[in-house]
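Student: output the structure for:
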Amino acid sequence: MNPSAARVSRDSSSVCVCLFHSNSRPSSFLGINNNSISFNKTNTNTLLLNTATNPRTINRIRVYRKNSTGVEACLSPAKSLRQILELPGVHQGPACFDALSAKLVEKSGFSFCFTSGFSISAARLALPDTGFISYGEMVDQGQLITQAVSIPVIGDGDNGYGNAMNVKRTVKGYIKAGFAGIILEDQVSPKACGHTRGRKVVSREEAVMRIKAAVDARKESGSDIVIVARTDSRQALSLEESLRRSRAFADAGADVLFIDALASKEEMKAFCEISPLVPKMANMLEGGGKTPILNPLELEELGFKLVAYPLSLIGVSIRAMQDALTAIKGGRIPSPGSMPSFEEIKETLGFNTYYEEEKRYATSMRRLSSENGGSRDAFSGIWSRTLRVKITGRDGFEKLDVRIPAGFLDGITNVVPALGGVNLKELLNDATEEIGGKLLLDFNDTVGDRIQVFLE
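Tutor: Numbering: from 1, shown residues only. Purely as a prediction, here's the structure:
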């Protein structure tokens, strides 16, 4: 087979492939009624989907399998990640640190992403990645991330937060949090970023037992989570030891191998040559790590399957916030080119999608208000004003003096615009933009009581 092509086998006779282009929303669905799908790689970012009648060029895919009832069910995050691992080429995964950064990764068209313990420790605790952040905090942050996106997320599981039994708990917790994969390393506690000084690792035997415990936890959970086995022994001990550990991790059942802080292109090549059937992961630590920064084509030529970019998002976020604060302190606001518009921010966060979905549940009165140009914002326009209703009896004594949100009357006037010969709708519209109070109505009812309505 051509090295730039691959076949993705299926154990079902009917598969639905969701095609994605430049954004995160599916552009089309394609049903394929055979047992395999052929993909040809056209470059590092696109694939050519080959079928008998409909070849398509796509940026990323999501595979759905039809169940016995004919309903198309989305594959689990872990299975979706395994589909990516079966595809040709190298696959890039930026590292996120919260729900918003994960959503931005997805919107940018990436098929998966990582979480970074370094970045989460920075964003959540404002502390260095030196073992301060706990298992509970990482799981909590991870659950918020996985719930915000539909792409698979590979979680940073650090060193499993203890011995082999702790590793089992960690894997099961990450499965429940919705992770597609988990990275487990062989550092001692407290662990730290692999590109910083003073790295220490546990014995090879204990490191292998951690991976075996992770595999057992996966089986016990009935999950298919992808286990990425990382060793930090390159810097702590030697290249030779890191290669020996990687082979042992593969034998123990790891799905992906990862040696952190490889120091040269030659070392990276040597790593990719061991256990050739097991995918390899590269870590492109931006800004001055120990590993040389290579482009995706170079990484693919060496034999890597996954590549992580751990610091890009947290790094540019820090610099952007510093620049904005400098501007504000100097009596200015950040320049328009340095930040998105308010409309762009709302679009990123899903306001427009929310408004469209909200229409499905609108009551008849609210729907009429919306169709007639009523404000969506309950704290702007007429909803920011107050109606004062005052009733004085013919004997001069006050019977009623209450205040209610003016928006309630706005809703009523959309249904009954005129009452008793008085055009309430017109009165309210005319008074909405006026500053200060205004007397809307002043009349006597049939029993002689005086009724006054003020817009305040």
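Student: burial measure for residue 126, as a count.
Tutor: For residue 126, the count of nearby residues is 8 (other Cβ atoms under 10 Å). Just so you know, the C-beta spots here come from the backbone N, C-alpha and C atoms, and that holds for glycine as well.
Student: repeat for the one 5 residues further on
Tutor: As a burial measure, residue 131 scores 18 neighbours (other Cβ under 10 Å).
Student: what strand or helix carries it?
Tutor: Using DSSP states H and E, residue 131 falls within no helix or strand.
Student: again with residue 353
Tutor: Using DSSP H and E, residue 353 falls in helix 351-358.
Student: state the mean pLDDT of that helix.
Tutor: The average pLDDT for helix 351-358 rounds to 92.
Student: in that helix, what's buried?
Tutor: Residues of helix 351-358 classed as buried by neighbour count (16 or more other Cβ atoms under 10 Å): none.
Student: okay, how far is it across stretch 258-266, tip to tip?
Tutor: Stretch 258-266 has an end-to-end distance of 15 Å (Cα to Cα, to the nearest Å).
Student: how distant is it from the center of its chain?
Tutor: Here stretch 258-266 is found 29 Å from its chain centre; the criterion is Cα atoms, centre = their mean, to the nearest Å.
Student: what is the helix holding residue 353 packed up against?
Tutor: In terms of contacts (3 or more Cβ pairs under 8 Å, 6 or more residues apart in numbering; DSSP states H and E), helix 351-358 is not packed against any helix or strand.
Student: tell me, how many residues neighbour the closest residue to residue 130 other than its chain neighbours?
Tutor: Spatial nearest neighbour of residue 130, chain neighbours left out: residue 192 (4.5 Å); criterion: Cβ to Cβ, 6 or more residues apart in numbering. When neighbours are counted by other Cβ under 10 Å, residue 192 registers 22.
Student: where does residue 192 land in three-state SS?
Tutor: Three-state assignment for residue 192 (DSSP: H, G, I helix; E, B strand; the rest coil): coil.
Student: what separation do you get for it and residue 283?
Tutor: Per Cβ to Cβ, to the nearest Å, residue 192 is found 15 Å from residue 283.
Student: check residue 178 too.
Tutor: 23 Å.
Student: next one: residue 89
Tutor: Taken as Cβ to Cβ, the span from residue 89 to residue 283 is 18 Å.
Student: before we move on, back to that, residue 178 and residue 283: who's more crowded?
Tutor: Between residue 178 and residue 283, residue 283 has the larger neighbour count (other Cβ under 10 Å), namely 24 against 19.
Student: how far away is the more buried one from residue 265?
Tutor: 14 Å.
Student: where does the residue lying farthest from the centre of the chain fall, secondary structure wise?
Tutor: Within the chain, residue 395 marks the point farthest from the mean C-alpha position, 66.5 Å out by Cα atoms, centre = their mean. In this structure, residue 395 sits in neither a helix nor a strand according to DSSP H and E.
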